[in-house]
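*Asks:* got a predicted structure here, sequence first:
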Amino acid sequence: MSEPAATDDKTSSPPPPPAQHKSWADEADDDAEAANETTAPTTAVPSSSSPSLNVDELSIDENKKPPKLLDDPEDSNIQAVRSLSLQSRLLRLAISQLLNFSSARVYTFLTFVDSVQVTSGDTPYTSAATFEDLNLSAELLRGLYVEMRFQKPSKIQAISLPMILNPPHRDLIAQAHNGSGKTTCFVLGMLSRVDPSVQAPQALCICPTRELAIQNTEVLRKMGKHTGISSECAVPTDSRDSLPIQKREPIKAQVVIGTPGTIKKWISFKKLGVTRLKILVFDEADQMLAEDGFKDDSLRIMKEIEKFNSSCQVLLFSATFNDIVKNFVERTVKKDHNKLFVKKEELSLDAVKQYKVRCPDELSKIEVIKDYIFELGENVGQTIIFVRTRQSAKMLHKSLVDMGYEVTSIQGALDHEERDKIVKEFRDGLTQVLISTDVLARGFDQQQVNLVINYDLPIKHTAEYTREFEPDYEVYLHRVGRAGRFGRKGAVFNLIYDEKDERLMSKIENHFGTRVSEVREKSVEDYKAALKEAGLLQ
DNA sequence: AAAAAAC
């Protein structure tokens, strides 16, 4: 039995919640109109400034030992930051001027082993060393240990769960590495905040793709198996076998997980009530709130909930938040939110070894895939090949099938049924190699995937009139993150063939501060060596 | 110039 670490902190009565601004929809409104303008609105409360500028110190209980440093590369820095209410800001300002300190309090803690206490504003949070520390129900603990086979909270879980579960239930923006267990954070949050005696939607989770919504629903059902909590997956169905929403009874499920369009539709048809909602989650929140993502849908849903229910806790989770979306996202939630961020340099997964392969032409990309990667791939686990367009997904699929290889491919133009089937076959291990557009770039969790091939590199489609292509760093990171789930080993091969690719690749290297080594010679032995280096072969 | 959702 592991020693329960410092749970006594909980017993010290938490101070009353400070006055809260609950007008998050209003905030969102402002932003929607002033999308790109940066001038501070009215009397600028020195809003939660960029952490890197104001990193001050970790506020640790004096009686506690300081956090120990781990040299585990995975256990990299997370910054815990708290936006302060106006009152406490003014108070801090007064004090700090007296003491000649910086006025913004930004709490950062590096790594921890057992227990860290973070004081956020005036609320102390003790990280959870064990799941028992979280006061979860016995049924939920059983789900964690027996169904999920979890032993103890991962780092992001240890830090974020106390903030999610304990009053005053502040909004939270949380960033954590791919495969580090973000889903568990919000699924556990939703399950434990539901009142089992109320048969109405109390938790809502919105995801960018059908596949992710289904996956999250499955995780929730597994983890919540013994709780009796009901759930519904709100994704489009092929009209044949299901009643149109107009004719359905209002949703009674206590947790609803789905994609924006369907959720919007259900709400507008009054089939999904929002008045009892206690917690609203955006998975892949940076994409959900990006200009070229689901911003409009997300804000509309937020506003609709706010209209009837001002005390709904909002959680925003993602592995990536670029500066632009980060800035916006922080103004979308209530002002006194908590936030956890990871430094950019810390994000690239050290567990996944990155390679580039220079190919003389487009055709030779296919040669590389079949001659080397397929040759070795099957000893290595499953493989996802990412392509930029639906067209290339079809094209590559056809070429490989024509050559006699057993691969499948998925992209958004396929029927829902077909998509579900292909994902299921891949999950069941019936297929070894899956070609995919960026539908599966984010969140798709299949632990057997050890190899990712970037058939082409992700490109940012900004409205700028530049000739220069910009890589989509976030998508790159998410793609890479499909391998190496939960700290496993993995490898990525980036296939590049022209000047454009070269520039994209080096920009990616610069951005993440990593060097991507090249597989030079063209022989099976070289790929073997690369996979050995990645830890995938002996 | 893409993909995602969904009308």
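*Replies:* The structure has been received and is ready for your questions.
*Asks:* for DNA strand B, give me its nearest residue in chain A.
*Replies:* Closest to DNA strand B within chain A is residue A:261: 1.5 Å, counting by CB to the nearest atom of the strand. Where you see a C-beta, it was placed from the backbone N, CA and C, and this is true even at glycine.
*Asks:* let me know how buried that residue is, in neighbour terms.
*Replies:* Using other CB atoms under 10 Å, the number of residues around residue A:261 comes to 13.
*Asks:* wait, a helix at it?
*Replies:* Yes: using DSSP: H, G, I helix; E, B strand; the rest coil, the assignment for residue A:261 is a helix.
*Asks:* close to DNA strand B: what parts of chain A are there?
*Replies:* A:208-211, A:234-236, A:258-262, A:265, A:292-294, A:297, A:388-391, A:411-413, A:437-439, A:460-466, A:469, A:472 (CB under 7 Å from any atom of the strand).
*Asks:* among those residues, which are located in helices?
*Replies:* Using DSSP state H, A:210, A:211, A:260, A:261, A:262, A:265, A:297, A:390, A:391 are the members of those that sit in helices.
*Asks:* between those residues, which sits nearest residue A:361?
*Replies:* Nearest to residue A:361 among these, counting by CB to CB, is residue A:391 at 17.8 Å.
*Asks:* count the neighbours of the closest one for me.
*Replies:* Neighbours of residue A:391 using other CB under 10 Å come to 12.
*Asks:* over to residue A:307?
*Replies:* Neighbour tally, residue A:307, other CB under 10 Å: 11.
*Asks:* which among the ones in helices among the residues of chain A next to DNA strand B gets closest to residue A:333?
*Replies:* residue A:297 (16.8 Å).
*Asks:* list the contacts of that closest one.
*Replies:* A:260, A:261, A:264 (CB atoms under 8 Å, 6 or more residues apart in numbering).
*Asks:* using TSV, lay out those residues together with pLDDT.
*Replies:* Shown next, in TSV, are the contacts of residue A:297 (pLDDT from 0 to 100):
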residue	pLDDT
A:260	96
A:261	95
A:264	96
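*Asks:* how about those residues in CSV, adding distance to residue A:531?
*Replies:* CSV is the format used below for these (distance: CB to CB, whole Å):
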residue, distance to residue A:531
A:260, 39
A:261, 41
A:264, 45
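*Asks:* and stretch A:375-395, how far from the chain's centre?
*Replies:* For stretch A:375-395, the separation from the chain centroid amounts to 23 Å (computed by CA atoms, centre = their mean, to the nearest Å).
*Asks:* equivalent analysis for stretch A:248-262, please.
*Replies:* The answer for stretch A:248-262 is 21 Å, by CA atoms, centre = their mean.
*Asks:* tell me the buried residues in it?
*Replies:* A:251, A:253, A:254, A:255, A:256, A:257, A:258, A:259, A:260, A:262 (16 or more other CB atoms under 10 Å).
*Asks:* mind checking which of the residues you listed are in strands?
*Replies:* Counting by DSSP state E, these place A:255, A:256, A:257, A:258 in strands.
*Asks:* quick one, what contacts the third one?
*Replies:* For residue A:257, the set of contacting residues under the criterion of CB under 8 Å, 6+ apart consists of A:204, A:205, A:206, A:207, A:213, A:216, A:217, A:220, A:231, A:232, A:233, A:234.
*Asks:* among those residues, which are in strands?
*Replies:* The strands, defined by DSSP E, take in A:204, A:205, A:206, A:231, A:232, A:233, A:234 from the contacts of residue A:257.
*Asks:* the fifth one and residue A:315: what is the separation?
*Replies:* Taking CB to CB, to the nearest Å as the measure, residue A:232 falls 19 Å from residue A:315.
*Asks:* so which of those two has more stuff around it?
*Replies:* residue A:315 (29 against 17).
*Asks:* doesn't residue A:314 lie inside a strand?
*Replies:* Yes: judged by three-state DSSP, residue A:314 forms part of a strand.
*Asks:* what's the burial count for the residue lying closest to it once chain neighbours are set aside?
*Replies:* Nearest in space to residue A:314, with sequence neighbours left out and distances taken as CB to CB, 6 or more residues apart in numbering, is residue A:171 at 4.4 Å. Counted with other CB under 10 Å, residues neighbouring residue A:171 total 25.
*Asks:* for residue A:164, same thing?
*Replies:* By the criterion of other CB under 10 Å, residue A:164 has 25 neighbours.
*Asks:* quick check: phi and psi on it?
*Replies:* The phi and psi values for residue A:164, taken as degrees, to the nearest 10, are phi -80, psi -40.
*Asks:* looks like it contacts residue A:184 (just checking).
*Replies:* No: using CB atoms under 8 Å, residue A:164 is not in contact with residue A:184, being 10.9 Å away.
*Asks:* so who does residue A:435 touch?
*Replies:* A:384, A:385, A:387, A:393, A:396, A:397, A:400, A:407, A:408, A:409, A:410, A:455.
*Asks:* what about the closest residue to the fifth one other than its chain neighbours, distance to residue A:419?
*Replies:* Put plainly, it is residue A:396. The shortest distance from residue A:396 to any non-neighbouring residue, by CB to CB, 6+ apart, is to residue A:435 (5.5 Å). According to CB to CB, residue A:435 stands 13 Å off from residue A:419.
*Asks:* common neighbours of the two, please.
*Replies:* With CB under 8 Å, 6+ apart, residue A:435 and residue A:419 have common neighbours residue A:410.
*Asks:* can you pull out the low-pLDDT segments for the stretch 101-250 of chain A?
*Replies:* The model of the stretch 101-250 of chain A has pLDDT under 70 over residues A:101-122, A:239-241.
*Asks:* mind jotting down where the helices sit in it?
*Replies:* For the stretch 101-250 of chain A, the helices defined by DSSP state H, counting those that start in this stretch occupy A:138-142, A:155-165, A:182-193, A:210-223.
*Asks:* can I get those helices in a markdown table with distance to residue A:360?
*Replies:* Supplementary listing: these in a markdown table, determined by distance: least, CB to CB, whole Å:
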| stretch | distance to residue A:360 |
| --- | --- |
| helix A:138-142 | 56 |
| helix A:155-165 | 43 |
| helix A:182-193 | 40 |
| helix A:210-223 | 35 |
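*Asks:* compare those helices and give me the one nearest residue A:200.
*Replies:* Comparison of these against residue A:200 by CB to CB identifies helix A:182-193 as nearest, at 13.4 Å.
*Asks:* what helices or strands is that closest one leaning on?
*Replies:* Here helix A:182-193 touches helix A:138-142, helix A:155-165, strand A:203-206, helix A:210-223, strand A:279-283, strand A:313-318, going by 3 or more CB pairs under 8 Å, 6 or more residues apart in numbering; DSSP states H and E.
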